[in-house]
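Q: missing the sequence, but the structure's below:
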């Protein structure tokens, strides 16, 4: 831990953990992270692993985490795709999915091409062509809901920066003069939905992540405490970019777990 | 003419005329429009035919007008593509063109794929795929200018509404956090550029068109007088949608020409 931490005195009941950049980078686990998850398991804390993926279904994410040695169950993973699926079920929608095939699995039996009454957009290079965008546009113009997995502008690909789903969501919003429902981080709803079924409120939850705005800022707006880790996409002074500041800034995930366990052991927690 | 007209007392020196919806609809001339152009030819007024096309080069537009019987020269046609080409030449740019092949001709010798230092976007369904959009995005993110032929949200196609270039321009603006230079109607620059070489100022120019915002509103903002015709995309009460109102509202292009000729014959003009 490089900076003083100041987790509030409230009892901690649940911990949300970001995946990429926090537990692992590409196919390498952050050193000590596998053991840190095991240390968390020995507490009574509920755990959820939360991520903004739009391309990978939960089974794929789980497979990768398992192969890296993490003791994580598939149903502990909550993704922006899960959040979209939950919204789609709740509103009983049959969306046209602008998603890569690898993400479709999470929507099994819950989409339509010819008879859609909603549009869900993720990062789907294969769908970002004129005819598919046009099909989505017509649905949205007719008043059907537009759901965005998230609105990231771009992401880092091996050959350089590449467009995220955000620009294509923005295109549909502009064309149909509407506003998408965004379901992923940093939406408050996303963090609160991740707690579903845990019996733990936001104020008793800590979120750990490497993205100061999407992980820490978003969680704090939802009433949680956020710990920023200095791995993954962390850049110097990121912690100064949000107000209020992160509850704690730690050099990596294992250090963040130490802060939480130390807090649990304090007499007032 | 259905409504009172109120062309100001200023001398008229030039007339700008919209094409689609004003002179013709698809492949049919507006009744009396061919003769009305001939009546204008008998005055001393300079004529320019101005349109927001992004798909058709001037030669194609000219060919269609000729086949409909119009006495119009190719170099009297000023399009949003012409305006983009002018800008590209002025700034000595080598743009990546997101344009349909049919529009490329206007840019002959003036574009680059591998060594571009600008991006020009028109209505180009064949270019609106992820890889091409990504290529454009990277150029714009590097700080190269983004030029939009226009930013129309959608247009009417035989099978229904279809996305215009606007949403894709908007996507690139959002992705790279920048603002495109829009060259087509209703930009003031567009109307003023159409007057280049005519030796006529905006206040001595009348614009005739069927789009109350893009034709009439845009021209009036540029200091011209606008006549709205009730053909093409005109809908009831369109004339109330801009302030100041159109200088005149006429049932069609021939009626608008009558108003202008009548004005020329008034003692104070």
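A: Structure's in. What do you need? Note that the coordinates shown come from a computational prediction; the quantities given were computed from them, not determined experimentally.
Q: Going by residue numbers, what spans are helices in chain A?
A: A:33-41, A:58-67, A:80-90, A:101-104, A:130-141, A:166-176, A:188-194, A:218-221, A:253-264 (DSSP state H).
Q: mean pLDDT for these: which is lowest?
A: With a mean of 86, helix A:101-104 has the lowest mean pLDDT of these.
Q: Next to chain B in this structure, residues from the stretch 101-250 of chain A, please.
A: A:125-126, A:128-131, A:133-134, A:137-138, A:141, A:153-154, A:160-164, A:166-168, A:170-172, A:174-177 (C-beta under 8 Å from any C-beta of the partner chain). Placement of C-beta: from N, CA and C, glycine included.
Q: on that earlier part again, minimum distance to residue B:27: which of the helices of chain A has it?
A: Nearest of the helices of chain A to residue B:27, taken as C-beta to C-beta: helix A:130-141 at 24.1 Å.
Q: And the closest one, what's buried?
A: By 16 or more other C-beta atoms under 10 Å in any protein chain shown, the buried positions in helix A:130-141 come out as A:130, A:132-141.
Q: Any stretches of the stretch 151-269 of chain A with poor pLDDT?
A: Applying pLDDT under 70 to the stretch 151-269 of chain A flags the ranges A:268-269.
Q: again, 80 this time
A: A:156-158, A:267-269 (pLDDT under 80).
Q: show me where it has strands.
A: Taking DSSP state E, counting those that start in this stretch, the strands of the stretch 151-269 of chain A run over residues A:154-157, A:160-163, A:181-182, A:205-209, A:225-229, A:248-250.
Q: contact partners of the first one?
A: By that I understand strand A:154-157. Residues from elsewhere that reach strand A:154-157 (C-beta atoms under 8 Å, 6 or more residues apart in numbering or on different chains): A:123, A:161-164, A:166-167, B:137, B:141, B:175.
Q: where does residue A:56 land on pLDDT?
A: Looking at residue A:56, its pLDDT reads 86.
Q: and it, how many residues sit next to it?
A: With neighbours defined by other C-beta atoms under 10 Å in any protein chain shown, the count for residue A:56 comes to 20.
Q: again, but for residue A:38
A: Look at residue A:38: counted by other C-beta under 10 Å, it has 13 neighbours.
Q: how does chain A divide into domains?
A: Here the domain assignment for chain A is A:14-49+A:185-264, A:82-182, based on automatic domain parsing.
Q: rewinding a little: please tabulate the contacts of strand A:154-157 in JSON lines, including the columns distance to residue B:244.
A: JSON lines is the format used below for the contacts of strand A:154-157 (distance: C-beta to C-beta, whole Å):
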{"residue": "A:123", "distance to residue B:244": "46"}
{"residue": "A:161", "distance to residue B:244": "46"}
{"residue": "A:162", "distance to residue B:244": "47"}
{"residue": "A:163", "distance to residue B:244": "42"}
{"residue": "A:164", "distance to residue B:244": "43"}
{"residue": "A:166", "distance to residue B:244": "39"}
{"residue": "A:167", "distance to residue B:244": "37"}
{"residue": "B:137", "distance to residue B:244": "40"}
{"residue": "B:141", "distance to residue B:244": "40"}
{"residue": "B:175", "distance to residue B:244": "37"}
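Q: between the residues you listed, which is closest to residue A:145?
A: Among the contacts of strand A:154-157, and counting by C-beta to C-beta, the member closest to residue A:145 is residue A:166, at 17.6 Å.
Q: quick one: contacts for the closest one?
A: Neighbouring residues of residue A:166 by C-beta under 8 Å, 6+ apart: A:148, A:150-154, B:174-175.
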